[in-house]
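J.: predicted model, plus sequence, below.
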2 protein chains.
Amino acid sequence: MPIREATPGDWPRIWPVWHRVVAAGDTYTWDPDTSEEEARSLWTGSGKRVYVTEDDDGAVVASAYLAPNYGGPAAGIANAGFMVDPGRTGRALAEHVLAEAAEQGYRAMVFNAVVETNPAVRLWTSLGFRVLGTVPDAFDHPRHGRVGLHIMHRAM
Amino acid sequence: MPIREATPGDWPRIWPVWHRVVAAGDTYTWDPDTSEEEARSLWTGSGKRVYVTEDDDGAVVASAYLAPNYGGPAAGIANAGFMVDPGRTGRALAEHVLAEAAEQGYRAMVFNAVVETNPAVRLWTSLGFRVLGTVPDAFDHPRHGRVGLHIMHRAM
């Protein structure tokens, strides 16, 4: 499926995926009731590069952003976020964004808050990320109760 | 020295301390050239509670903010930042902010990016924080070269 950099006009097609993932409340440290306007700013604001995966009919089935994880003297470390329609794998998009990060000169990528019960942990590990540490009892999971948040890292 | 919650009118007295610390480029992952306007938004914006320490003449010698480190299902974990005039210790302010965080119902506090060569690491450790993990080679230090960024954690 084609992966490309998003245009501003893609947002209305990203939002349903975004909303579905965040409203489930089991993978993101954002308010499940986040409004579309706020979501747009979180996902596409402040220096973020945004990517989308389209299916054969041109529907957006996944999106990612890529941005510096820190500013100033640590701006060489990237951060990224991924929203994927349930039932799809984000692997191809993840590989695309990692290649983009390397091309843009980032030295490494950090995820600050990966819910430890998120199946994507296995994807990140298979792509070379490792858990640097885990914030214990940080995330109120709708089914698993309080679970930890992994900080994950991968050198480019 | 008295410690109190800041008022909007305190900002012009916080800014010189803020600027001195960030311009040194050895402790914060913010651009050393951050403008006053941007600094104000970083330090006092989006739901942050701000505190100041005054010396006997009423000058601001230190400031801190307290805010959720995450949103939504992880909003029970606090984050804080500290700016202290060189030559002063931030210990009393740190203890004050920890007590405030407990009172405001946070379960724990996380620092996302403590430069590993920052002498404050010793202060945090003595206050019960521990290093959850370290992002390697993340921060370009003006004297030590590339150093790591600690993620530090303390339960309330």
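T.: Everything's here; your move. Residues are numbered from 1 along each chain as shown, chains lettered A, B, ... in the order given.

J.: CA only for contacts and neighbour counts going forward, please
T.: Noted.

J.: okay, which residue is most central for chain A?
T.: By Cα atoms, centre = their mean, chain A has its centre lying nearest to A:Gly81, at 1.7 Å.

J.: contacts only, for that one.
T.: A:Ala64, A:Tyr65, A:Leu66, A:Phe111 (Cα atoms under 8 Å, 6 or more residues apart in numbering or on different chains).

J.: just the helices in chain A please.
T.: Along chain A, counting by DSSP state H, helices occupy A:11-24, A:36-44, A:91-103, A:120-126.

J.: so A:Ala101 touches A:Leu66, yeah?
T.: Yes - using Cα atoms under 8 Å, A:Ala101 is in contact with A:Leu66, at 7.3 Å.

J.: can you check which residues contact both of these two?
T.: Joint contacts of A:Ala101 and A:Leu66 (Cα under 8 Å, 6+ apart) are A:Ala78.

J.: at the contact with chain B, which residues of chain A appear?
T.: Selection of chain A residues close to chain B by Cα under 8 Å from any Cα of the partner chain yields A:25, A:28-32, A:70-77, A:110, A:132-135, A:138-141, A:151, A:153.

J.: buried among the residues you listed? Make that a ChimeraX selection.
T.: Per 16 or more other Cα atoms under 10 Å in any protein chain shown, the buried members of these correspond to this ChimeraX selection:
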select /A:25,28,29,30,31,32,70,72,73,74,75,76,77,110,132,133,134,135,138,139,140,141,151,153
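
J.: thinking again about what came up before, closest one of the contacts of A:Gly81 to chain B?
T.: Of all the contacts of A:Gly81, chain B sits closest to A:Phe111, with 10.6 Å by Cα to the nearest Cα.

J.: name the nearest residue to that closest one, sequence neighbours excluded.
T.: Computed as Cα to Cα, 6 or more residues apart in numbering or on different chains, the closest residue to A:Phe111 that is not its neighbour in sequence is A:Met152, at 5.1 Å.

J.: and A:Arg40, how many neighbours?
T.: 17 (other Cα atoms under 10 Å in any protein chain shown).

J.: ok, the nearest residue to it once chain neighbours are set aside to chain B distance?
T.: Spatially, and ignoring its direct neighbours in sequence, A:Arg40 is nearest to A:Trp11 (7.2 Å; Cα to Cα, 6+ apart). Per Cα to the nearest Cα, to the nearest Å, A:Trp11 is found 22 Å from chain B.

J.: okay, now A:Trp11: neighbour count?
T.: By other Cα under 10 Å, neighbour count at A:Trp11 equals 20.
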